[in-house]
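K.L.:
need the 3D shape of this:
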Amino acid sequence: MHSHQQYVYANLSKLLYDNYKQALDTICECETTLPGLMKEQDMSNKQVFEKWLVEEKAYLEQLSHEPPEEMLQMEYWEQLIKLTASM
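P.N.:
Next comes the predicted model:
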């Protein structure tokens, strides 16, 4: 193995290790602070997070499709540009 490859693998390994450690730290921190924050916001149970995930997914899926009105506006704009260029 070339020394460059060893260097790349070493850096990738360190990156993965550091990210994994950070994720574990975040999980531990959330487990201790989440109940207090939920109480502060008058949230009675964790099911609200599941509801939020469903709502967020629906919103993001809706964004993946360009609205028809926006498509018409873009088409109109393109036709205006073509018309202007042909004059």
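
K.L.:
could you report the neighbour count for Val54?
P.N.:
Here the number of neighbours of Val54 (other C-beta atoms under 10 Å) works out to 10. Every residue, glycine included, has its C-beta placed from N, CA and C.

K.L.:
check what pLDDT the residue most central in space within the chain gets.
P.N.:
For the chain, the residue sitting closest to the mean C-alpha position, by C-alpha atoms, centre = their mean, is Leu60 at 9.5 Å. pLDDT recorded at Leu60 is 88.

K.L.:
that one: what's it in contact with?
P.N.:
With contact set as C-beta atoms under 8 Å, 6 or more residues apart in numbering, Leu60 has no partners.

K.L.:
for it, helix, strand, or coil?
P.N.:
helix (DSSP: H, G, I helix; E, B strand; the rest coil).

K.L.:
could you check the distance from it over to Leu53?
P.N.:
From Leu60 across to Leu53, the span is 11 Å (C-beta to C-beta, to the nearest Å).

K.L.:
what's the end-to-end length of stretch 29-49?
P.N.:
Distance between the two ends of stretch 29-49: 17 Å, counting by C-alpha to C-alpha, to the nearest Å.

K.L.:
in it, which of the residues would be classed as buried?
P.N.:
Buried residues in stretch 29-49, counting neighbours by 16 or more other C-beta atoms under 10 Å, are absent.

K.L.:
in the chain, which spans are helices?
P.N.:
According to DSSP state H, the chain carries its helices in the segments 3-40, 47-63, 68-86.
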